[in-house]
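Participant: Predicted model and sequence follow; I will ask about them next.
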Amino acid sequence: MPRAPTTADVFNAIAEPRRRQIVELLARRGALAVGTLVVTLGLPQPAVSKHLGVLRKVGVVAVSKQGRERVYNLEAEKLKTIHDWVKAFAELWGHQLDRIKERAEHRAREQTKSPTPLKPRKGRS
């Protein structure tokens, strides 16, 4: 029986496009207050807080208080699971692309060795 969707792991947490957008913003700009994220994303504050809660639950972001503001920062180490998973596929595709390149180069060499003679055009002498 298939597993019910959950946001309890990093993969599912970042499956939602708005949460990926939050991760990207925090990666590029560093720690940001909720208000800044609300303005930047153009979403209502409760929606941003909900997304941040999901990301915090899986450890992708951490929150601290600075005065009256809650400031979030990226915990990049938690994204290592995703990096490692993608890296395995990148290596697989790298090998596949190397094989395709080798085959193409081999065919090019074979065609250079024995070029197909050109057929004379009709109607010309």
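Facilitator: On my side now, so go ahead.

Participant: Might you list the low-confidence residue ranges for this structure?
Facilitator: Residues of the chain that meet the criterion pLDDT under 70 lie in 1-7, 114-121, 123-125.

Participant: go with 80
Facilitator: 1-8, 89-98, 113-125 (pLDDT under 80).

Participant: For it, which segments are assigned as helices?
Facilitator: 10-13, 17-29, 34-41, 45-57, 80-113 (DSSP state H).

Participant: residues of the longest one that come out buried?
Facilitator: By neighbour count with 16 or more other Cβ atoms under 10 Å, helix 80-113 contains no buried residues. Yep, even glycine has a C-beta here, placed from its N, CA and C like the rest.

Participant: I'd like to know which elements that helix is packed against.
Facilitator: If you count contacts as 3 or more Cβ pairs under 8 Å, 6 or more residues apart in numbering; DSSP states H and E, helix 80-113 packs onto helix 10-13.

Participant: how far out from the middle of the chain is the helix it packs on?
Facilitator: Centre-to-centre, helix 10-13 and its host chain are 12 Å apart (Cα atoms, centre = their mean, to the nearest Å).

Participant: So for that helix, what gets flagged as buried?
Facilitator: Of the residues in helix 10-13, 10, 13 count as buried by neighbour count, 16+ other Cβ under 10 Å.

Participant: rewinding a little: nearest to N73, out of the helices of the chain?
Facilitator: Taking Cβ to Cβ, helix 17-29 is the member of the helices of the chain nearest to N73, at 6.3 Å.

Participant: how about the closest one as PDB, C-alpha atoms only?
Facilitator: Extracted C-alpha coordinates of helix 17-29, given in PDB (Å, rounded to 0.1, in the frame of the first residue of the first chain):
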ATOM      1  CA  PRO A  17       7.200  25.200  -5.000                       C
ATOM      2  CA  ARG A  18       6.700  28.000  -2.500                       C
ATOM      3  CA  ARG A  19       8.900  26.200   0.100                       C
ATOM      4  CA  ARG A  20      11.600  25.800  -2.500                       C
ATOM      5  CA  GLN A  21      11.300  29.500  -3.200                       C
ATOM      6  CA  ILE A  22      11.800  30.200   0.500                       C
ATOM      7  CA  VAL A  23      14.800  28.000   0.600                       C
ATOM      8  CA  GLU A  24      16.300  29.800  -2.400                       C
ATOM      9  CA  LEU A  25      15.700  33.200  -0.900                       C
ATOM     10  CA  LEU A  26      17.400  32.200   2.400                       C
ATOM     11  CA  ALA A  27      20.300  30.600   0.500                       C
ATOM     12  CA  ARG A  28      20.800  33.800  -1.600                       C
ATOM     13  CA  ARG A  29      20.100  36.500   1.000                       C
END
